[in-house]
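Colleague: after the sequence you'll find the predicted model.
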Amino acid sequence: MVDGKAGQHIIIRVDANARIGTGHLMRCLALAQAWKDSGGEVAFITDCDNTGLLQRLSDEGFEAIPLDSSYPDRADWEASSQALAAHPNAWVVLDGYHFDPTYQRRIKEAGHPLLVIDDMAHLEHYYADIVLNQNLHAEQLRYSCEPYTQLMLGTQYVLLRHEFLRLQGWKREIPEVARKALITLGGSDFDNATLKVVRALNKLKVEDLEVRVVVGPSNPHIASLEEAVHRSPFDVRLLTSVRSMPDLMAWADVAVSASGSTCWEMAFMGLPTVLLVLADNQQGIAEGLDSRGVALSVGWYAEISELRLTQAMKMLISNSKRRKAMSENGRQLVNGVGTDRVISVMGEPFQEISETDHLRMRPASFGDAEVLWKWTNDPTVRAHSFHPGPIPLDGHTEWYKGKLAFPDTRIWILELNQVAVAQIRYDRISRDTAEIDLSVAPDCQGRGLGTRALILTSDIACKELGVRRVKGVVFSSNRASRRAFAKAGFQCIGLETISGELCQVFERACSESIEEGS
């Protein structure tokens, strides 16, 4: 397989329009965010008629190369090949059912490693280095591919965007009767299945029901939906420009959704859902989630009556036991680490520590005070701190001197080739628990050093401080720190709001041998 570390770019070829929807581009966005967080750069080549999506790509710092027409039109390959030539060895990601074996082979012949995101194994052959299918039924499919192709199949590889991952560890409350409902059937909903759902919902007999209906701003059926919403006996709001779907999913008690990529987001959020099938490639997803007890599938939207829809929603709204089971099953199915798994197989944009590098961990000394002070005042570090203001040297030096002498604190310095590159501090905060403070030199980030520091010291800290577990608290927005803890074997156990910031709490139990010897 081609080494993904050869280049720092990925080029993502994906389309989004009223016919195919926005799901392909949105899951590619998750991959792009993770690659950028690891230090890489991303370019999208896209035939996209959604100005809001194009603006989002720009806002997130991604290059967007627009296309007027898509493959098999010749103009597609002409534009794409120019972008590939500008970034030799860059990874290429294809997400779309129209990228046939010929298109894939051209990319490989141009010398690029290739990842194909797929749903159906519908092509006669795949030339990709990696085929990614994040669906439940993926392992049952047969792929004709090259000997070097690595298959990444199943929900352990679900791609989730930043806005969802910041809620990892969030706990859903299950009310006796659901009174908040979310309806979302895709950004375009070309056939206006949303109208049938709203009409079915209007027939419910539930007190104090609140409903949010999400459609794309270019949805051609907004007028008819507004009329249905106006006639509703409930508090129904039609939303055309949603800034945060995770917050809406957290707000809702139940949902009605199409059986596309949104299903994995709802499973991650533990949101009990009634599923409609709007396209052939959604059939397997709906049936699989229904059989796993994650959602309730009612089948093809065109074949189901409004009465059947009303009955399905009524059952889910009134059955708290069923909703609780769905929520728990969904969180078990999609745990939020899929994107990291994919990035790890592709290869980090920057090289991690090689076998020829000399890495060692040593106890911190007072002579480290000034370099640690410089790291602490780096703008990126301050931005991810609970007290973001600059720290004066005199105050830092006195504080650091006290920490070195304090019996409930341990500090280590990680050196790479005799140069300090990271520090890790453990403070015992209770009889059984020590809390971690971790920082990496600004010019050494993205190389896995934080993970190395955690692995090398956590069990030693347990033994020396006499604790049974260690924990770290990081901003939900700080994906680099979240990845470091997760890769070191820590589990996200919940969310906390500290100084107005949403944070994730990671915890790891000491190894049994350490506990027995303490």
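Modeller: Looks like it came in fine. Numbers count the residues shown, from 1 in each chain.
Colleague: what residues of the longest helix along the chain count as buried?
Modeller: Looking across the chain with DSSP state H, the single longest helix is helix 449-465. Neighbour counts over helix 449-465 (16 or more other Cβ atoms under 10 Å) mark 449-459, 461-462, 464-465 as buried. Quick note: C-beta positions are derived from backbone N, CA and C, even for glycine.
Colleague: what's the average pLDDT for that helix?
Modeller: Average pLDDT, helix 449-465: 92.
Colleague: over to stretch 194-210?
Modeller: Rounded mean pLDDT across stretch 194-210 is 94.
Colleague: any idea how far apart the tips of it sit?
Modeller: 16 Å (Cα to Cα, to the nearest Å).
Colleague: give me the buried positions along it.
Modeller: Buried-residue list, stretch 194-210, by 16+ other Cβ under 10 Å: T194, L195, K196, V197, V198, A200, L201, N202, L204, V206, L209.
Colleague: what do you get for stretch 170-182?
Modeller: W170, R172, I174, A178, R179, K180, A181, L182.
Colleague: also stretch 11-29?
Modeller: Quick answer for stretch 11-29 (16+ other Cβ under 10 Å): 11-18, 20-29.
Colleague: distance between it and the chain's centre?
Modeller: 16 Å (Cα atoms, centre = their mean, to the nearest Å).
Colleague: same check, this time on stretch 25-33
Modeller: Worked out by Cα atoms, centre = their mean, stretch 25-33 lies 9 Å from the chain centre.
Colleague: likewise stretch 107-116?
Modeller: 25 Å.
Colleague: would you mind listing the buried residues in it?
Modeller: For stretch 107-116, by 16+ other Cβ under 10 Å, it's I107, K108, H112, P113, L114, L115, V116.
Colleague: hmm, who's touching that stretch?
Modeller: 1-4, 6, 11, 81, 84-85, 88-95, 99, 104, 126-132, 342, 346 (Cβ atoms under 8 Å, 6 or more residues apart in numbering).
Colleague: cross the buried residues of stretch 11-29 against helices and list the overlap.
Modeller: G23, H24, L25, M26, R27, C28, L29.
Colleague: nearest to M313 among these?
Modeller: Closest to M313 out of those is G23 (23.3 Å), distances taken as Cβ to Cβ.
Colleague: measure that closest one to Y126 for me?
Modeller: G23 sits 20 Å away from Y126, taking Cβ to Cβ, to the nearest Å as the criterion.
Colleague: check C28 too.
Modeller: Taking Cβ to Cβ, one finds C28 at 18 Å from Y126.
Colleague: which neighbouring elements make contact with the helix or strand hosting A325?
Modeller: Assigned by DSSP states H and E, A325 falls within helix 320-333. Contacting helix 320-333 under the criterion 3 or more Cβ pairs under 8 Å, 6 or more residues apart in numbering; DSSP states H and E are the following elements: helix 262-268, helix 306-318.
Colleague: how about those helices in CSV, adding distance to K374, mean neighbour count and mean pLDDT?
Modeller: What follows is the helices and strands packed on helix 320-333, written out as CSV (distance: least, Cβ to Cβ, whole Å; neighbours: other Cβ atoms under 10 Å; pLDDT from 0 to 100):
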stretch, distance to K374, mean neighbour count, mean pLDDT
helix 262-268, 38, 26, 96
helix 306-318, 56, 17, 96
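Colleague: mean confidence score for stretch 426-441?
Modeller: 95.
Colleague: next, the buried residues of that stretch.
Modeller: Quick answer for stretch 426-441 (16+ other Cβ under 10 Å): Y426, D427, R428, T433, A434, E435, I436, L438, S439, V440, A441.
Colleague: need the contact list for the last one.
Modeller: Right, the one you point to is A441. W375, A420, V421, A422.
Colleague: what about the buried residues of stretch 194-210, which are in strands?
Modeller: Judged by DSSP state E, these include no members of strands.
Colleague: what helix or strand is I436 on?
Modeller: strand 433-440.
Colleague: which stretches in the stretch 101-250 of the chain count as helices?
Modeller: Assigned by DSSP state H, counting those that start in this stretch, the stretch 101-250 of the chain shows helices spanning 101-109, 162-165, 193-202, 222-231, 245-251.
Colleague: so which of the ones you listed is nearest Q33?
Modeller: Closest among those, using Cβ to Cβ: helix 162-165, at 5.2 Å.
Colleague: if we can go back for a sec, now the buried residues of stretch 170-182 in JSON lines, with distance to R243 and pLDDT?
Modeller: Listed next are the buried residues of stretch 170-182 as JSON lines, based on distance: Cβ to Cβ, whole Å; pLDDT from 0 to 100:
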{"residue": "W170", "distance to R243": "18", "pLDDT": "89"}
{"residue": "R172", "distance to R243": "21", "pLDDT": "94"}
{"residue": "I174", "distance to R243": "26", "pLDDT": "97"}
{"residue": "A178", "distance to R243": "24", "pLDDT": "97"}
{"residue": "R179", "distance to R243": "23", "pLDDT": "96"}
{"residue": "K180", "distance to R243": "18", "pLDDT": "97"}
{"residue": "A181", "distance to R243": "20", "pLDDT": "97"}
{"residue": "L182", "distance to R243": "15", "pLDDT": "97"}
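Colleague: closest one of those to M266?
Modeller: L182 (8.8 Å).
Colleague: any low-confidence regions in the stretch 101-250 of the chain?
Modeller: 187-188 (pLDDT under 70).
Colleague: try 50
Modeller: For the stretch 101-250 of the chain, no stretch is flagged by pLDDT under 50.
Colleague: how does this protein divide up, domain by domain?
Modeller: The chain is divided into the following domains under automatic domain parsing: 4-160+337-346, 165-333, 359-517.
Colleague: got the end-to-end distance for the longest one?
Modeller: Spelled out, that is domain 165-333. Span of domain 165-333 from end to end, Cα to Cα: 15 Å.
Colleague: what's S80 sitting at in phi/psi?
Modeller: Reported as degrees, to the nearest 10, the phi and psi values for S80 are phi -70, psi -40.
Colleague: mind listing what the nearest residue to it once chain neighbours are set aside touches?
Modeller: Nearest residue to S80 in three dimensions, chain neighbours excluded: I45, at 5.4 Å (Cβ to Cβ, 6 or more residues apart in numbering). Shown in contact with I45 (Cβ under 8 Å, 6+ apart): I11, I12, R13, V14, I65, L67, A79, S80, A83.
Colleague: which of the ones in helices among the buried residues of stretch 11-29 lies closest to V277?
Modeller: For these, the nearest to V277 is G23 (14.1 Å; Cβ to Cβ).
Colleague: the closest one against S259, yeah?
Modeller: No - under the criterion of Cβ atoms under 8 Å, G23 makes no contact with S259, lying 10.7 Å away.
Colleague: what backbone torsions are found at the residue nearest to the spatial centre of the chain?
Modeller: Among the residues of the chain, L160 comes closest to the average C-alpha position under Cα atoms, centre = their mean, at 2.6 Å. In this entry, L160 is assigned phi and psi values of phi -120, psi 140 (degrees, to the nearest 10).
Colleague: how about V345?
Modeller: phi -70, psi -40.
Colleague: what about V93, which helix or strand?
Modeller: strand 91-95.
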